[in-house]
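Chemist: output the structure for:
(chains A and B)
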Amino acid sequence: MHGSRASDSFLTEVIESTPGAETLITCLQCGTCGGSCPSGPDMDHTPRALFAMINAGMRDEVLQSNTPWYCVACYYCMVRCPKDIPITDLMYSLKRMAVREKLYDDRDAPDWSQSFIGMVDNYGRSFELGLATRYHLTHHPLKKVGVGPLALDMLSKDRMSLRPDRIKGIDQLRAILDKAKSMEAA
Amino acid sequence: MRYAYYPGCSLTHSAAPYDLSTRAIAGPLGLALEEIEDWNCCGATEYISINKAAAYALVGRNLALAAQQGVSQDVVAPCSACYLNLRKVDHYMGKYPDLRDQTNQSLAAGGLHYDPGSLRIRHLLNVVVEDVGLEAIKSKVTRPLDGLRVAPYYGCLIARPQLNGGSIDPEYPTHLDHLLKNLGAEVVDFPLKTHCCGGHMTQISADTAYELIRRLLHNAAEYEADLIVTACPMCQLNLDAYQSQVNRHFGTGYHLPVLYFTQMIGLALGMEPAALGIGREVVSAAPALKKIGKVAPETPAAPRRRKRDDKALPMPRQREEA
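Modeler: Alright, predicted model coming up:
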């Protein structure tokens, strides 16, 4: 199907970034993935189309696509794929590649992920109020009229903490994460 | 039966009633849950979106701590996202030696190590159904949930992905249905039982999430469910806390309380609603629970708003005849 073309390097890169993704080259273009996807209507390309584009070496178009960022990680496509392609895992790989090269179109989704991992790196646990405050005040705050009442609902039901919980072994966790990040960058 | 318990971040705050009810029913069901000491976040869907090696190391620390503390080979997670991340890292570390070595190199920086396959990662729902057993639970029911119509909502990650085959149907599982029937509840058909609640989309693309939440509420309402029962903190949060926003967005008027299966077990075992965290849901379950004679703590009703598309002038209403 494909000989030694420049396009193969992108395909190889995507496969190597994802455990078990060698099956990607066997994609039948059947479209079961897109048909199973709950957020498919919001995507600029269905997963099926995206895989054809990866095979065609359309690197920038693929990494600029909003498709991985609309993936809700429900794994419907993955259990239905007749060729056992780890589709959800591939979406995560495409997100990472897009972030590394700053090629995504929309900042909201990657910023949310970054804010979340910032909380984890600081405390070892997620801190919902800090996360929501930091993110929503810097991302279209005027559109977020519903966020305030929701936070009040959660506070009044004693379901949201005003302070973060920090794990005891935060230094140990940071050493582990720093080591991992140094390997990822290499 | 002893288990290493991994509550996860949600259960410490937004899903605190899930933690409370889990701990309340554990004793009567014969489950000894011992919390993994100093566990950290599983990374949810966010860490792996930015950094793979660190996402594996983050989960790896939890696995290494659980194995080191040696409470049990069985690690139980009530949160479906934690359950996924823990079992996926364990499974992929076992399947891909490069990933195992890389993760262990990271863990070594903190003096830890994990051999994949040394723990069994289990979801709390599966532990309750498989280890305690439906017959044993049924025999402990003192206040059956007679007449209560419930929609069993599994969400995504209890059923999918299937990493080792597995006995649970990836699209139409039934074990929560059977559990609820054994508690005496009337289980309604719920075709969307494993459809997505929108996950983190409420934060980054609310319209996407609202539509997914609307479908689920619509489906449960169509089958005249009194309430939705779930086994995942994300599902509970999205369907419960965002229900009023979904109603505003679509001009609908759903009032479907969303409780955890552990709260339902507790009720059927005769426990008091407040001891199970009932009353802390945003959409009050009190009206539904009156059907089974439970005096649940009343949650003050939110002031009624007129629907956005209601163009009628607010007219004075005659008081109805008593």
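
Chemist: which parts of stretch A:135-155 are buried?
Modeler: For stretch A:135-155, the neighbour count (16 or more other C-beta atoms under 10 Å in any protein chain shown) marks A:135-136, A:139, A:144, A:146-147, A:150-151, A:153-154 as buried. C-beta here means a position set from N, CA and C on the backbone, and glycine is covered the same way.

Chemist: err, stretch B:125-135, not the other one
Modeler: Buried residues in stretch B:125-135, defined by neighbour count with 16+ other C-beta under 10 Å: B:125-129, B:131-132, B:134.

Chemist: just the residues you listed now: which is nearest B:Tyr153?
Modeler: B:Tyr153 has its nearest neighbour among the buried residues of stretch B:125-135 in B:Leu125, at 11.3 Å by C-beta to C-beta.

Chemist: how about that closest one: what's its closest non-neighbour residue?
Modeler: Of all residues not flanking B:Leu125 in the chain, B:Ala231 sits nearest, at 4.4 Å (C-beta to C-beta, 6 or more residues apart in numbering or on different chains).

Chemist: wait, doesn't the one you found sit right on B:Tyr154?
Modeler: Yes - here B:Ala231 reaches B:Tyr154: they are 6.7 Å apart, a contact under C-beta atoms under 8 Å.

Chemist: residue ranges with poor pLDDT in the stretch 201-322 of chain B?
Modeler: B:294-322 (pLDDT under 70).

Chemist: how about the residues of it near chain A?
Modeler: Within the stretch 201-322 of chain B, the positions adjacent to chain A are B:201, B:203-206, B:208, B:212, B:241-242, B:244-245, B:248, B:280-282 by C-beta under 8 Å from any C-beta of the partner chain.

Chemist: quick one: the closest residue to A:Val14 other than its chain neighbours from chain B, how far?
Modeler: Nearest non-adjacent residue to A:Val14, counting by C-beta to C-beta, 6+ apart: A:Ile54, 5.5 Å away. Taking C-beta to the nearest C-beta, to the nearest Å as the measure, A:Ile54 falls 18 Å from chain B.

Chemist: what helix or strand does A:Ile54 sit in?
Modeler: helix A:47-55 (DSSP states H and E).

Chemist: who touches the helix or strand following that helix?
Modeler: Next along the chain after helix A:47-55, taking DSSP H and E as the criterion, comes helix A:59-64. Here helix A:59-64 makes contact (C-beta atoms under 8 Å, 6 or more residues apart in numbering or on different chains) with A:10, A:50, A:53-54, A:94, A:97-98, A:101, A:103-105.

Chemist: now render these as TSV, adding neighbour count, pLDDT and secondary structure.
Modeler: Output for those, formatted as TSV (neighbours: other C-beta atoms under 10 Å in any protein chain shown; pLDDT from 0 to 100; DSSP: H, G, I helix; E, B strand; the rest coil):
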residue	neighbour count	pLDDT	secondary structure
A:Phe10	21	95	helix
A:Leu50	24	98	helix
A:Met53	18	97	helix
A:Ile54	24	97	helix
A:Leu94	25	97	helix
A:Met97	19	96	helix
A:Ala98	22	95	helix
A:Glu101	12	90	coil
A:Leu103	16	86	coil
A:Tyr104	20	79	coil
A:Asp105	11	70	coil
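
Chemist: picking that back up, make CSV out of the buried residues of stretch B:125-135 and add distance to B:Lys88.
Modeler: Listed next are the buried residues of stretch B:125-135 as CSV, based on distance: C-beta to C-beta, whole Å:
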residue, distance to B:Lys88
B:Leu125, 18
B:Asn126, 16
B:Val127, 18
B:Val128, 22
B:Val129, 22
B:Asp131, 22
B:Val132, 25
B:Leu134, 28
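
Chemist: show me what contacts B:Glu224?
Modeler: Contacts of B:Glu224 by C-beta under 8 Å, 6+ apart are B:149, B:188.

Chemist: the residue lying farthest from the centre of chain A and B:Leu124: what is the separation?
Modeler: In chain A, A:Ser156 marks the outermost C-alpha relative to the chain mean, sitting 31.9 Å out by C-alpha atoms, centre = their mean. Using C-beta to C-beta, to the nearest Å, A:Ser156 is found at 27 Å from B:Leu124.

Chemist: the bottom helix or strand of chain A by mean pLDDT?
Modeler: Taking mean pLDDT, DSSP states H and E as the measure, the helices and strands of chain A show their lowest mean at helix A:128-136, namely a mean of 83.

Chemist: next SSE downstream of it?
Modeler: Note on helix A:128-136: by DSSP H and E, the next helix or strand toward the C-terminus is helix A:147-156.

Chemist: what's in contact with that following helix?
Modeler: Contacts of helix A:147-156 (C-beta under 8 Å, 6+ apart): A:128-129, A:132, A:136, A:160, A:162, B:14, B:241-242, B:244-245, B:282.

Chemist: can you select the buried ones from those residues in PyMOL?
Modeler: Selecting only the buried entries of the contacts of helix A:147-156 in PyMOL, with 16+ other C-beta under 10 Å as the criterion:
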select buried, (chain A and resi 128+129+132+136+160) or (chain B and resi 14+241+242+244+245+282)
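
Chemist: and the contacts of helix A:147-156 as JSON lines, adding distance to B:Phe190?
Modeler: Converted to JSON lines, the contacts of helix A:147-156 look like this (distance: C-beta to C-beta, whole Å):
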{"residue": "A:Glu128", "distance to B:Phe190": "28"}
{"residue": "A:Leu129", "distance to B:Phe190": "33"}
{"residue": "A:Ala132", "distance to B:Phe190": "30"}
{"residue": "A:His136", "distance to B:Phe190": "32"}
{"residue": "A:Met160", "distance to B:Phe190": "29"}
{"residue": "A:Leu162", "distance to B:Phe190": "37"}
{"residue": "B:Ser14", "distance to B:Phe190": "24"}
{"residue": "B:Ala241", "distance to B:Phe190": "21"}
{"residue": "B:Tyr242", "distance to B:Phe190": "19"}
{"residue": "B:Ser244", "distance to B:Phe190": "22"}
{"residue": "B:Gln245", "distance to B:Phe190": "22"}
{"residue": "B:Val282", "distance to B:Phe190": "21"}
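
Chemist: please parse the chain into its domains.
Modeler: No chain specified, so I'll use chain A. Per the record, chain A has its domains at A:5-100, A:113-185, by automatic domain parsing.

Chemist: sorry, should have said chain B
Modeler: B:2-124, B:133-289.

Chemist: which one of those domains lies closest to A:Gly40?
Modeler: So among these, domain B:133-289 is nearest, using C-beta to C-beta, at 10.4 Å.

Chemist: helix, strand, or coil at B:Thr262?
Modeler: With DSSP: H, G, I helix; E, B strand; the rest coil as the basis, the three-state label of B:Thr262 is helix.

Chemist: could you find the closest non-adjacent residue to it?
Modeler: B:Ser21 (3.9 Å).

Chemist: quick revisit: of the buried residues of stretch A:135-155, which pair is most distant in space?
Modeler: Spatial extent of the buried residues of stretch A:135-155 (C-beta to C-beta) is set by the pair A:His139 and A:Asp153 at 21.0 Å.

Chemist: helix, strand, or coil at B:Glu34?
Modeler: On the basis of three-state DSSP, B:Glu34 is classed as strand.

Chemist: give the contact list for the closest residue to it other than its chain neighbours.
Modeler: Spatial nearest neighbour of B:Glu34, chain neighbours left out: B:Val71 (4.5 Å); criterion: C-beta to C-beta, 6+ apart. Residues counted as contacts of B:Val71 (C-beta under 8 Å, 6+ apart) are B:2-4, B:34, B:36.

Chemist: make it 10 Å
Modeler: Residues in contact with B:Val71, defined by C-beta atoms under 10 Å, 6 or more residues apart in numbering or on different chains, are B:2-5, B:32-37.

Chemist: just confirm it is within a helix.
Modeler: No - counting by three-state DSSP, B:Val71 is not part of a helix but coil.

Chemist: pLDDT value on it, please?
Modeler: Model confidence at B:Val71, expressed as pLDDT, equals 96.
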